[in-house]
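*Asks:* 3D, please:
(2 chains)
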Amino acid sequence: MRAMTEAKRPTTQSYDLQKAKRWAGNILVYLLLVCWTILVIFPLVWLVYSSFKSNKELYASVWGLPSRLAWDNFARAWEKGQLGWGLLNSLFYSVVSVAIADLFAAMAAYVLSRLNFRGGRAIFYYFMAGVFIPTSLTIIPTYFLLRDMGLMDSRLGLTLVYTAWNVPFGVFVLYGFFKTVPSEILDAALIDGASEFGVFWRIVLPLGQSGLVAVSILNFLWVWNELLYALVLVRRAALRPLPLALAALKASTYLSGDWAVVFAGATITAVPLIIIYILLQRQIVEGATMGAIKG
Amino acid sequence: MASITYEHVWKRFGDVIAVQDLDIFIEDKEFLVFVGPSGCGKSTSLRLLAGLEEITEGKIYIGDRLVNDVPPKDRNIAMVFQSYALYPHMSVYDNMAFGLRLRKTPKAEIDRRVKEAAAILGIENLLDRKPKQLSGGQRQRVALGRAIVREPAVFLMDEPLSNLDAKLRVQTRAEISKLHQRLETTFIYVTHDQTEAMTMGTRICVLKDGIVQQVDTPQNLYERPDNVFVAGFIGSPAMNFFDVTVVEQDGDLYVDGGTFRLKLPPEKAQAARPYVGKQVVFGARPEDIHDREFSPPGIRAEPLTATVDVTELMGKEVYVYLLTGKKQFIAITDPRTRARVGREIDVVVNMDNIHLFDRDTERAIR
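*Replies:* Predicted coordinates for the structure are as follows:
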């Protein structure tokens, strides 16, 4: 009898032990997270403050802080790397390819999520394949395709390639998003007088707005960062997007060892991205997790 | 305003037949209710009329116009859904104006109609709100408003009250009936709730497994059900059914259920004569079985003794669950009844209102 009552009652000692274990576990997790954060953030911070150092300072101490702000690094990088063109080109490729891809992805996702037709499933999986195939795998066929179409070294060619890569991810996310719109709402709109396109345009698109925003941001970032296709498909300096311009800048300093200008160029390239990340954090996280939950 | 004709309409989803040979004419300004258990094809029948589903076979006319291939927007109908189906990103005003704007109605006219409908429904103060800021009852009103402003030829309603609480449901039920009288338009209403059907419909179409069981006025469905299903579905609590044998004794006909023997009145006996010696289904509504002590005068009452199983006091009446042999049945009795659980009680059955059904075909014997 005595043994039973003792077993039933949790002792204060075991309770304290549990609490201590939980605390220790938490501390360990936070410690790891802090380490990870430093590991991720530090290169960025290092990049930014190093871009203010002179070459002399850079060679004297790689990790040290600048003694004075060498603003001329940025001017030199801007001119030498033709980063102004790069910025405009990147903006063009990103905005245009994202806008076209959004339109097509949304329409495809709407049709696939709403209409049951023979082969619909197959088309959906075809789009999914586009999400999972690594970009580098298609570089050679894309090269030949563009060459045969006479679109090598052209703004249109690269924009088309980026658009094609943006569509599957858009379909993937928006499909899940549109599926959550109750079909009765769409039926109501049809009866109210909307055509099938009207239902898409006036009801489904506005309701899927946050999905569309998330898709746009993630695709924009991908295009903004893309280097491989640009490297292979574009030769003229006037067509280079920012990452390619930066790569060219780095290559041009190979002999002179002008690292300060490379740091400054990299900072100029990264700043727009960092601003986007800071402003649109919530949508980026939403978009990144959305496919996983709803798709 | 328009009549509706379903002409031998079939709808199949793959191998499943959802609607089977639906053939009804619905008069202009009628309030027709499709009623039946879930999966009986009532919603599908409505969606076929709305143009939201394609007809497999048959024809549907709105007025004189064949609408099989007419898209929903051109059928001049408005529909109210169970889930209200309001556009979440639009204000109440925009929800109601949406259909009119698509039809390029002048702005002033839209404003007039929306405000008029809002006044009818008492939602003038909600026009600026979004649907998520409204209660269920308010949303339902907006959904009705959205239908009203369109001034359609036909109103379609797919279980519009199912998501409301009991009190609001009764209230809105009456309001929809009033709306029908006021608008003088054809209403087609789908519900699984027989009370709704009985209280609102000028005619009711009872469906089961995609097949029409009976189309009739509420009164006739209640008093003269065509088959066992309709008899059991209409009325609450449901009709009691007993397997009995028709027997003849001294020139009179009786139904013999083993533990009871009840004499049939002459009109019923005449219809039951071909069934002498055969088993039939005998139906008596709970409201036609009375505690003998409190039985109303002037009815043709036949006595029956049963054991009280359970009693439920409903206020103005008592539901008494009785056992005769192993068969349970319900009687609605006067609240002064002396029925006590486990004791025997003498009840009487009002034989004028009983029903007999063929055991094989389940059709009424008349």
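*Asks:* lowest average confidence, helix or strand, in chain B?
*Replies:* The least trusted helix or strand in chain B, going by mean pLDDT, DSSP states H and E, turns out to be helix B:166-183, with a mean of 90.
*Asks:* after that one comes which helix or strand?
*Replies:* Later in the chain than helix B:166-183, the nearest helix or strand by DSSP states H and E is strand B:186-191.
*Asks:* the longest strand anywhere in chain B pairs with which strands, and in what direction?
*Replies:* Scanning chain B for the strand with the most residues, using DSSP state E, yields strand B:301-313. Applying DSSP bridges, strand B:301-313 is found paired with strand B:318-324 (antiparallel), strand B:344-350 (antiparallel).
*Asks:* tell me the phi and psi of residue 13?
*Replies:* Just so you know, I chose chain A. In terms of degrees, to the nearest 10, the main-chain angles of A:Q13 are phi -60, psi -50.
*Asks:* actually it's chain B I care about, not the one you picked
*Replies:* phi -110, psi 100.
*Asks:* if we can go back for a sec, taking their axis directions, the least confident helix or strand of chain B and strand B:186-191 sit at what angle?
*Replies:* What separates the directions of helix B:166-183 and strand B:186-191 is an angle of 160 degrees, with axes from the mean of the first three to the mean of the last three C-alpha atoms, to 10 degrees.
*Asks:* that older thread, turn the strands paired with strand B:301-313 into JSON lines, including mean pLDDT.
*Replies:* Putting the strands paired with strand B:301-313 into JSON lines (pLDDT from 0 to 100) gives the following:
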{"stretch": "strand B:318-324", "mean pLDDT": "95"}
{"stretch": "strand B:344-350", "mean pLDDT": "95"}
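*Asks:* export these to JSON lines and tack on distance to B:M79 and mean neighbour count?
*Replies:* For glycine as for every other residue, the C-beta is placed from the backbone atoms N, C-alpha and C. JSON lines is the format used below for the strands paired with strand B:301-313 (distance: least, C-beta to C-beta, whole Å; neighbours: other C-beta atoms under 10 Å in any protein chain shown):
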{"stretch": "strand B:318-324", "distance to B:M79": "37", "mean neighbour count": "19"}
{"stretch": "strand B:344-350", "distance to B:M79": "42", "mean neighbour count": "20"}
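*Asks:* which one, of the ones you listed, ends up nearest to B:P266?
*Replies:* With respect to B:P266, and counting by C-beta to C-beta, the nearest of the strands paired with strand B:301-313 is strand B:344-350 at 15.3 Å.
*Asks:* after the closest one, next one along is what?
*Replies:* Using DSSP H and E, the helix or strand that follows strand B:344-350 towards the C-terminus is strand B:355-358.
*Asks:* helices and strands around that following strand, which ones?
*Replies:* Judged by 3 or more C-beta pairs under 8 Å, 6 or more residues apart in numbering or on different chains; DSSP states H and E, the packing partners of strand B:355-358 are helix B:228-233, helix B:266-272, strand B:279-284.
*Asks:* at 7 Å what do you get?
*Replies:* strand B:279-284 (3 or more C-beta pairs under 7 Å, 6 or more residues apart in numbering or on different chains; DSSP states H and E).
*Asks:* listing partners with orientation, what would you give for the strand it packs on?
*Replies:* Short version: by DSSP bridges, strand B:279-284 pairs with strand B:240-249 (antiparallel), strand B:355-358 (antiparallel).
*Asks:* do you know which of those lies nearest B:R65?
*Replies:* Among those, strand B:355-358 sits nearest to B:R65 (C-beta to C-beta), with 40.6 Å.
*Asks:* avg pLDDT for the closest one?
*Replies:* Average pLDDT, strand B:355-358: 96.
*Asks:* ditto for stretch A:210-219
*Replies:* Stretch A:210-219 comes out at a mean pLDDT of 89.
*Asks:* circling back to that earlier point, list the buried residues for the longest strand of chain B?
*Replies:* B:A301, B:E302, B:L304, B:A306, B:T307, B:V308 (16 or more other C-beta atoms under 10 Å in any protein chain shown).
*Asks:* repeat that for stretch B:15-30.
*Replies:* Buried-residue list, stretch B:15-30, by 16+ other C-beta under 10 Å: B:I17, B:A18, B:V19, B:Q20, B:L22, B:I24, B:I26, B:K29, B:E30.
*Asks:* got a list of contacts for the helix or strand hosting the fifth one?
*Replies:* Assigning secondary structure by DSSP H and E places B:L22 in strand B:16-26. Residues lying outside strand B:16-26 but in contact with it, judged by C-beta atoms under 7 Å, 6 or more residues apart in numbering or on different chains, are B:3-12, B:32, B:41, B:44-45, B:48, B:186, B:188, B:205, B:210-212, B:215.
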